[in-house]
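Chemist: Dropping the sequence and predicted coords here.
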Number of protein chains: 2
Amino acid sequence: MSEPFRFEVVARDGQARRGRLSLPHGIVETPAFMPVGTRGAVKGVTVEQLQDLGAEILLANTYHLHLRPGADLIARAGGLHRFTGWPSPILTDSGGYQVFSLASRAKVTEDGVVFRSHLDGQSHTLTPESVVDIQARLGSDVAMMFDQCPSWPATREAAEAAMSRTLRWARRARDRHQALESGAAPEVARPAPGQAQFGIVQGGTFKDLRDLSVQGTVAVGFDAYAIGGLSVGEPVETMYDVVGHTAPQLPEDRPRYLMGTGMPDDLVESVARGIDLFDCVLPTRNARNGQLFTRHGPLNIKNARYAEDHRPPDAECTCPTCRRYSRAYLRHLFVSGELTAATLNTLHNLHFYLDTMRGIRKAIEFGTFDTFQRAFLETYSRRQISSLE
Amino acid sequence: MSEPFRFEVVARDGQARRGRLSLPHGIVETPAFMPVGTRGAVKGVTVEQLQDLGAEILLANTYHLHLRPGADLIARAGGLHRFTGWPSPILTDSGGYQVFSLASRAKVTEDGVVFRSHLDGQSHTLTPESVVDIQARLGSDVAMMFDQCPSWPATREAAEAAMSRTLRWARRARDRHQALESGAAPEVARPAPGQAQFGIVQGGTFKDLRDLSVQGTVAVGFDAYAIGGLSVGEPVETMYDVVGHTAPQLPEDRPRYLMGTGMPDDLVESVARGIDLFDCVLPTRNARNGQLFTRHGPLNIKNARYAEDHRPPDAECTCPTCRRYSRAYLRHLFVSGELTAATLNTLHNLHFYLDTMRGIRKAIEFGTFDTFQRAFLETYSRRQISSLE
């Protein structure tokens, strides 16, 4: 029933790639954006709504699910797909980022990380191996290796140390994953055979460290590769520079995933540099804070100017929110603290992101990505905006 | 385009009536339950989801919408239907109950009520006439008259005073409504011609006061009548007793609305006593607190016993929640404070209420309401439960 991991580039336009990623639970047309379902749900929306929006793959957080309800419970439920009701592909992140940003008193050693849960202060340990086991139990289609992501700005020394450790952890993670695959650890429940494992390239904003990280990670040999440690506070130009330097070094025949990015322009700019996969909490989190992305730019629905604006957020948008509701109504719901505000805003923003990816894919197919990019960035480029200010 | 107010009883079974209520925005099959959309939205769900559940009429709160965003703004938007995107009938309550339960320092005089908004402490006045004007601006299909609902327990003196005042307010409200209908107040925007107005019977738990209230309110002559001032803390037997005493005195050819009720058994017990319309926050509010109504009784999803229960909340239920999600997953979302928990639990509970009404309607049509009632109350009767304890 489960398909093996497979990736095919079906069209190219410059560095931009139009691909098709086959995973045990379905096919993902790339470039693709993965909505974030931190605890196994995208906040305020249902599986049906995500399907109607055309989402093909979700991201779920290993750290959060490990702490609650626990990977063992999810394994006994038959894995994340059975547990959450989401039938299509799921990628689980490594937990590395959350351990350093959410947990208290995280202590890194060569073995792994000891930290206290942000929920109850209880002590936990994550190692490259245990993170593989957790994700095997979760049964995601794609498991990310456990990495060390330094905070920004990082000294060269700190970036190098984290990068080197991540490389050593890559080897251990891959070994463990292959041991599980070969049945060497029958005590680990494996609800979804065919799980792919992605390596993560670190190195901060230092290009030579990125080079070393690419070489080392590719040498370990994962199913595919991600660029981690960006979108952590560095200037947007720096991020694009590092992406443009790093992505082309990654294997041509494997999807390239830029983790945790980003703003709408980041999607377009990064596809232009050869990226195939994205995730970010921005469309969903900003929706809950009242920011709607439209093709004319972002719109803050709580603004008093919308109190009597009876137009939809975006007149050309075909999302369920724009088809029925006005800015005035959405503002009313938001300022009244109504739960439905979060739902409607989230549906709109996810549609915007998923629709942007549809536009990107079509443009690459037609060989018009350059035109698409220029038109899109006229509205959304932070680069232009900063130069105008 | 707008149909006149019309009510037809199409079948009877004992005191229970199967009816069809025509309103400017559509037809409501009765007995009917009205989901509560306090501020113009049912918390956590969309119009599409409400339609999919088969809801035919919503209740919105005059008090809340008057304070924010204001009836004038909604009138300028084209009325509540245009503003909220809900295309089917809407009933707006009188605001009376909220003034006394939510506002601070409400002072009642013969003229009306002066109170301070629970939002910003600003002083407001509501009178029988101004409440008519507000609801005309809101453009609901049914407007409730402004009534005085005494708190429970009330002395006979307090119940009588509130009942008498409500009667005097009934005359004033009806006069104002008819003045608006005849075009005597062109300064009041009237987005929805054909708005019906319901009178409200008060009198607490004193049957002779209820008799006087029925006679006086019917003498004023409304489109239909509601029983107010129940479900405010009195024993359930007392409520059924007052409903059973009052409902049959109300005009046969008009729908009878029991305001603010209730628990699942209240619906069935009150239909048995001749009630046609219900509203209550219970299914939606309890959903947000983790209580799910099932045909085997209520289920508190946060209970640890459900942590690994992979069955749906109700195996026989056809709601979108039960078709896809397990108790274990819903418990996980609830204890994690995920917004989606409110959505999924609300969808389930509203389906349960609306489906109960569908069952009631079918039973009356088939002349089997008595059997339906007995089977339903085996699970849900608080009367039985109290006698067992």
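Modeler: Everything's here; your move.

Chemist: which residues in the stretch 151-300 of chain A form strands?
Modeler: A:196-201, A:224-227, A:256-258, A:277-279, A:291-294, A:297-300 (DSSP state E, counting those that start in this stretch).

Chemist: avg pLDDT for the helix or strand just after the last one?
Modeler: Later in the chain than strand A:297-300, the nearest helix or strand by DSSP states H and E is helix A:320-324. Confidence over helix A:320-324 (mean pLDDT, whole number) is 98.

Chemist: Between the strands of the stretch 151-300 of chain A, which one is closest to chain B.
Modeler: Relative to chain B, the nearest member of the strands of the stretch 151-300 of chain A by Cβ to the nearest Cβ is strand A:291-294, separated by 15.8 Å. For the C-beta atoms, the positions are set from N, CA and C on the backbone; glycine is no exception.

Chemist: and the closest one, average pLDDT?
Modeler: On average, strand A:291-294 scores 97.

Chemist: List, one by one, the residues from the stretch 151-300 of chain A near chain B.
Modeler: Proximity of the stretch 151-300 of chain A to chain B (Cβ under 8 Å from any Cβ of the partner chain) is limited to residues A:R288.

Chemist: Apart from its chain neighbours, what residue comes closest to the closest residue to chain B within the stretch 151-300 of chain A?
Modeler: Relative to chain B, the nearest point of the stretch 151-300 of chain A is A:R288 (8.0 Å; Cβ to the nearest Cβ). Nearest residue to A:R288 in three dimensions, chain neighbours excluded: A:A342, at 4.8 Å (Cβ to Cβ, 6 or more residues apart in numbering or on different chains).

Chemist: and A:S182, how many neighbours?
Modeler: Neighbour count for A:S182, taken as other Cβ atoms under 10 Å in any protein chain shown: 8.

Chemist: which ones are touching it?
Modeler: If a contact means Cβ atoms under 8 Å, 6 or more residues apart in numbering or on different chains, then A:S182 has no contacts.

Chemist: Which pLDDT does the model give it?
Modeler: pLDDT at A:S182 comes out at 88.

Chemist: Against A:T343, how distant is it?
Modeler: 45 Å (Cβ to Cβ, to the nearest Å).

Chemist: How about A:G40?
Modeler: 17 Å.

Chemist: Give the residue from those two that has the larger number of neighbours.
Modeler: Per other Cβ under 10 Å, whichever of A:G40 and A:T343 has more neighbours is A:T343, with 30 against 26.

Chemist: Wait, a strand at the more buried one?
Modeler: No - counting by DSSP: H, G, I helix; E, B strand; the rest coil, A:T343 is not part of a strand but helix.

Chemist: Tell me where the model's unsure across chain A.
Modeler: Confidence mapping of chain A against pLDDT under 70 gives the ranges A:1-3, A:189-192, A:384-389.

Chemist: For the residue most central in space within it, give me its contacts.
Modeler: With distances taken as Cα atoms, centre = their mean, A:D279 lies nearest the centre of chain A, 2.2 Å away. Shown in contact with A:D279 (Cβ under 8 Å, 6+ apart): A:F33, A:M34, A:P35, A:V36, A:L59, A:L91, A:D93, A:Y257, A:M259, A:G260.

Chemist: Please apply the same query to A:E316.
Modeler: So A:E316 contacts A:R295 (Cβ under 8 Å, 6+ apart).

Chemist: Quickly note the distance from it to chain B.
Modeler: Distance, A:E316 to chain B, by Cβ to the nearest Cβ, to the nearest Å: 18 Å.

Chemist: A:M263 against A:T379, yeah?
Modeler: No - here A:M263 does not reach A:T379: they are 11.7 Å apart, not a contact under Cβ atoms under 8 Å.

Chemist: Spell out, range by range, the strands that occur in the stretch 1-150 of chain A.
Modeler: A:6-13, A:16-23, A:26-30, A:32-34, A:58-60, A:90-92, A:104-108, A:113-116, A:123-126, A:142-144.
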